[in-house]
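*Asks:* Here is my input; please provide its structure:
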Amino acid sequence: MNRIPTLDIRRFSEPASPGDREAFVAELGAAYREWGFCGIRGHGISDAQIDTAYDVFKRFFALPDEVKRQYHVPGSGGARGYTPFGVETAKDSKHFDLKEFWHVGREIPRDSKYADVMPPNLWPTEIPEFREVAYGLYQSLDRLGSRVLSALALHIGLPESYFADKTDSGNSILRPIHYPPITTDDIPNVRAGAHEDINLITLLVGASAEGLEVLSRKGEWVPFTADADTIVVNIGDMLQRLTNHVYPSTTHRVVNPQGEKARQPRYSTPFFLHPNPDFLIDVLPSCVTADNPNRYPEAITAHGYLEERLREIKLK
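*Replies:* Sure, this is the predicted structure:
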């Protein structure tokens, strides 16, 4: 497997033949064991929905800086609303990332037991349709992520529904990102420094320009620019920990393009699928073997782990 594969998830949800579903699960599992990344097509999220969302996000980022900063909540870890340019920094990096972004979280009743760690969303009044469009994409990606997790559960011998009641109130985040044009050649920062994601899985929709690179097992940076109809789905650290590294959380980055391409903005929208805040990340017994002993004898809640990691990337 010398390149990151792309698979059609309709083979799982609408199998054409009796063995198709099992074959998809095996191929998906193999892709994640090797790469921690896979392209997913046949996902049912329309180009029109994605294009509308990007149009709305671009209009928000084009607003004056002082307007956007009204939606920045200092000390919140960027949990909801706007995080300005020059804040987030990859773990162990000296330089901040060249990006600004917005966070949409799950809409939950304010009397929910999770209300103290899952704040209400902010919505920019300057763009009235932002809420409906952004949350519609949130829900679509949440459903797709659940289907991917169902297949991954089967691959490691768990019931297909294993993750359903552990993610139904997950503190998942939709993050529209704007990487502004780079106007000088000698800048030491990159658009997104080498990092691993914190959550269970990440779904990346419609990266509008090249730049994503994935670190292979051989230690080589492999560019991965997906086709327009493909959503890139990768493993995060929480799932790596839960599966005792059976599913690796792969280091990746967004590099600065060369020449004239650097003068173009880049837009990207990852969806970080998280478990419920009180889910206990405790290594699955089925993922512990003589060759792969338990690397994490101490369990930690999803929220506790998130807080720990946000401090590392300077969002807390």
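
*Asks:* Sketch out the low-pLDDT regions of the stretch 101-250 of the chain for me.
*Replies:* 182-192, 207-209 (pLDDT under 70).

*Asks:* what ranges do the helices span in it?
*Replies:* For the stretch 101-250 of the chain, the helices defined by DSSP state H, counting those that start in this stretch cover 130-155, 164-167, 237-242.

*Asks:* Turn those into a markdown table, columns for distance to residue 61.
*Replies:* C-beta: built from backbone N, CA, C; applies to glycine. Listed next are those as a markdown table, based on distance: least, Cβ to Cβ, whole Å:
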| stretch | distance to residue 61 |
| --- | --- |
| helix 130-155 | 11 |
| helix 164-167 | 29 |
| helix 237-242 | 28 |
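
*Asks:* now the ones you listed in a markdown table, with distance to residue 27 and mean neighbour count?
*Replies:* Shown next, in a markdown table, are the helices of the stretch 101-250 of the chain (distance: least, Cβ to Cβ, whole Å; neighbours: other Cβ atoms under 10 Å):
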| stretch | distance to residue 27 | mean neighbour count |
| --- | --- | --- |
| helix 130-155 | 10 | 20 |
| helix 164-167 | 23 | 16 |
| helix 237-242 | 18 | 23 |
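
*Asks:* So which of the ones you listed is nearest residue 265?
*Replies:* Of all the helices of the stretch 101-250 of the chain, helix 130-155 sits nearest to residue 265, with 18.6 Å by Cβ to Cβ.

*Asks:* distance between the closest one and the chain's centre?
*Replies:* From the chain centre to the centre of helix 130-155 is a distance of 11 Å (Cα atoms, centre = their mean, to the nearest Å).

*Asks:* swap in stretch 48-68?
*Replies:* Centroid separation for stretch 48-68 versus its chain: 19 Å, with Cα atoms, centre = their mean.

*Asks:* what's the answer for stretch 31-48, then?
*Replies:* Distance of stretch 31-48 from its chain centroid, counting by Cα atoms, centre = their mean, is 12 Å.

*Asks:* Quote the end-to-end distance of that stretch.
*Replies:* 29 Å (Cα to Cα, to the nearest Å).

*Asks:* Pull the residues that contact that stretch.
*Replies:* By Cβ atoms under 8 Å, 6 or more residues apart in numbering, the surrounding residues in contact with stretch 31-48 are 1, 4-11, 28, 137, 140-141, 144, 148, 152, 203, 205, 214, 216-217, 224, 226-235, 240, 246-250, 252.

*Asks:* That one: which residues count as buried?
*Replies:* For stretch 31-48, the neighbour count (16 or more other Cβ atoms under 10 Å) marks 31-40, 42-43, 45 as buried.

*Asks:* pLDDT, distance to residue 289 and secondary structure added to those residues, as TSV?
*Replies:* Formatted as TSV, these follow (pLDDT from 0 to 100; distance: Cβ to Cβ, whole Å; DSSP: H, G, I helix; E, B strand; the rest coil):
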residue	pLDDT	distance to residue 289	secondary structure
31	96	21	helix
32	96	18	helix
33	95	14	helix
34	94	18	helix
35	94	21	helix
36	94	19	coil
37	94	24	strand
38	95	24	strand
39	94	29	strand
40	96	28	strand
42	96	33	coil
43	97	33	coil
45	96	37	coil
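
*Asks:* Thank you, goodbye.
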